[in-house]
Each structure stands twice: as C-alpha cells, then as structure tokens.
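[1] structure of the sequence below:
(chains A, B, C and D)
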There are 2 protein chains.
Amino acid sequence: MLRSESYTIGKLSKLSGCVIQTIRYYEQIDLLPKPDRSPRGHRLYDEKTLKRLKFILRLRHLGFSLEETRKLLDLVDGGKYTCREIRKKTLVHAEGISLKITDLQKIKAELLHMAEKCNDDTGLDCSILDSLYQR
Amino acid sequence: MLRSESYTIGKLSKLSGCVIQTIRYYEQIDLLPKPDRSPRGHRLYDEKTLKRLKFILRLRHLGFSLEETRKLLDLVDGGKYTCREIRKKTLVHAEGISLKITDLQKIKAELLHMAEKCNDDTGLDCSILDSLYQR
DNA sequence: AATACCTGCTATAGTTACTATAGGTGCAAG
DNA sequence: CTTGCACCTATAGTAACTATAGCAGGTATT
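    As a prediction, the model looks like this:
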C-alpha cells in the first residue's frame, strides 16, 4: 500500500501548497534536507519530506518564525524534546499573539473613531488629517 | 512666541521618538524633504518637518505601510484630497485590520487547544507535535 | 526536422522597513 | 593633546521570501 514513490519539486509544491522557490529556499537554509537527484539533476522528494514541509508550513501559518520553526524541528529531529517544553513554547507563543491582537484592536478603535469624526462631505477639511497633521 | 529655531537630527530624533537612521532613511526615500544644512554639513530641521515626521510615525503605528503613508502625504502636499476619500481609505484600512485580528484569534484558539491536549508530563510523547507532525 | 512549450536547474537581485557597521569630520572639555 | 560627542556618508545586513535571467532536456505540434 505504501509505495515509496518520489515527487518532483512541482508535485511537492502542489501537494504541500508551497511554491517552488520557497521549497528551494527552505533547502538552502537547511530547514529541508538536500534531496536525492534524478539523472537529470532534478530534485526527488519522498513522503517524509512532504510531511516535514507540511509541518513547517503549519507552524509558519500559526505565526512561528522560521527560527522558532527550526528549533522545533531540531527537537523533533533529535527526539530529545519533552512534552513540557513544547507546551511551554506553544503557550508563550500564544501569549505573544494575544498581545498583537490587543494592539490591533486598539488601532482599529482609533481608526474607527477618526472615521466617525469625519463628516463625509466633499470639502477640503478633513478631521482625520486634521487630527493627525495640523496643517 | 513661535521662534523659528532649527533642530539637529539628534534633537528631531528625541522630539519625535524616531531613531536617527530612520529619519535619514525617510529622507532617502523622499518621505521627508532634503533639509537645509549647517556650515558643517549637519542637517537642520524646522517645526514643519517635525510635524510631518510625527504624522508619518502615527500612520506607521496605525499599521499603514510606507507606500500608503506616502499616498496620504501626497494628498496633504497637493491639498487635493477630499474628506470622503480620506475617510474611505481609513475604513478600508480598518477592515484589513479586522481581518488580521480574526485570523490571529483563530490561530490563538488553535494553539491553546493544542496546549490543552498536552498532558504536560515529562515524557517523550507530545500530543502537540503528534498533531502537527506524525512521526 | 524545426519549433514551441513545459518543467526543472543555478545564481543573483529585489522586496519592505528598517538597523547596524565602518570609517571619517569637527568641536569642546579635561 | 587626546578623549568624547554628535554628526556625516556609504554600504551591508535583517526576515522571509519572490522574481528574474539564462540555461537544459523532454514532449507535442506543425
């Protein structure tokens, strides 16, 4: 059932949803291993690398930086992690995201407040600009 | 009362809260005008430029990109804007921020859900990693 | 057989919005 | 007289890609 076929970079791109350039970039910065090559020099990937790439993309989507992602991969690779430390990293990261959310909410409130003050006529006096930039 | 004194870049930096390199960078990309120079070649700024810089910093803090900021400055410089268009830009921008907030909230929920599933023992089995990366 | 198209390759430069570094000038104080 | 400070220019580095130039080899069409 589990035939060990190999994917070209184009196939890996389609299967993972990651564009080709980025896959090569991840290889370049050693997030992905150097793959085998076909006689023509084309990269050949296996299931394992597809999983690894998906893992990377998932962490990136969750807002982890590449360096954070690299550290998590190192833990996986070494098999030396403990559940406690992964959990801690996750919670610390979630806390950082909370702060970002709060910040954006404040900014949005400010923007809406400014827009509300604006009387929406076609004149040249804009209370938004006035409040930001006293001409 | 309103003496038209000039500031050095260091003074402008302190008054605006913007670091010196960034002020020079904004000049380089033509967000700030080329200032007069002292006999020694030092930049000399006036009140008007301080206001402009503060305006830029305020927009940046509100999440506008430098290019969006540049467009708003062009409108101010040309005096050709209408209140309606400024208001519209503000609301469009607020909408973009709303989307970011929603996205971050989803991500945070996912992270917390993962952490909750983690049993926090010191073993090598981590439900967080398991859910992300089937070893 | 010649042409065009497709997928892949490498190497390099560009993007955003800064930030940092190297190496220099000129003045003022100890 | 030398140390420190504020300033100068020019250049490189940062994150995380993204795009471009220029090439090779296989397939499909004319």
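
[2] so how far is DNA strand D from A:Leu111?
    26 Å (Cβ to the nearest atom of the strand, to the nearest Å). In this view, the C-beta of every residue, glycine as well, is placed from N, C-alpha and C.

[3] that residue: what's it in contact with?
    Going by Cβ atoms under 8 Å, 6 or more residues apart in numbering or on different chains, A:Leu111 touches B:Leu62, B:Thr90, B:Leu91, B:His93, B:Ala94, B:Ile97.

[4] ok, how many other residues are close to the fourth one?
    Which is B:His93. Around B:His93 there are 20 other residues, counting by other Cβ atoms under 10 Å in any protein chain shown.

[5] quick one: the helix or strand containing it to chain centroid distance?
    Taking DSSP states H and E as the definition, B:His93 sits inside helix B:83-117. Chain-centre distance of helix B:83-117: 16 Å, with Cα atoms, centre = their mean, to the nearest Å.

[6] leaving out chain neighbours, which residue sits closest to the residue in chain A that DNA strand C sits nearest to?
    Residue nearest to DNA strand C within chain A: A:Gly10 (2.3 Å; Cβ to the nearest atom of the strand). Leaving aside its sequence neighbours, A:Gly10 sits nearest to A:Ile20 (Cβ to Cβ, 6 or more residues apart in numbering or on different chains; 6.8 Å).

[7] for that neighbour, grab the count of nearby residues.
    14.

[8] test my guess that it contacts A:Thr8.
    No - counting by Cβ atoms under 8 Å, A:Ile20 sits too far from A:Thr8 to count as a contact (9.8 Å).

[9] what about the strands in chain A?
    A:36-37, A:43-44 (DSSP state E).

[10] distance from stretch A:23-38 to the middle of the chain?
    Centre to centre, stretch against its chain (Cα atoms, centre = their mean), the figure for stretch A:23-38 is 18 Å.

[11] mind listing what's buried in that stretch?
    For stretch A:23-38, a neighbour-count test (16 or more other Cβ atoms under 10 Å in any protein chain shown) marks A:Ile23, A:Tyr26, A:Glu27, A:Leu31, A:Leu32, A:Pro35 as buried.

[12] nearest to A:Lys51 among those?
    Among these, A:Leu32 lies closest to A:Lys51 (Cβ to Cβ), at 11.1 Å.

[13] burial count for the closest residue to A:Ile101 other than its chain neighbours?
    Nearest residue to A:Ile101 in three dimensions, chain neighbours excluded: B:Leu104, at 5.0 Å (Cβ to Cβ, 6+ apart). Using other Cβ under 10 Å, B:Leu104 has 16 neighbouring residues.

[14] ok, A:Cys118 next?
    21.

[15] so it makes contact with B:Lys89?
    No - A:Cys118 lies out of contact with B:Lys89 (Cβ under 8 Å); the separation is 10.8 Å.

[16] spit out the contact partners of the residue most central in space within chain A.
    For chain A, the residue nearest the mean C-alpha position is A:Arg60 (2.6 Å; Cα atoms, centre = their mean). With contact set as Cβ under 8 Å, 6+ apart, A:Arg60 has these partners: A:Leu66, A:Thr69.
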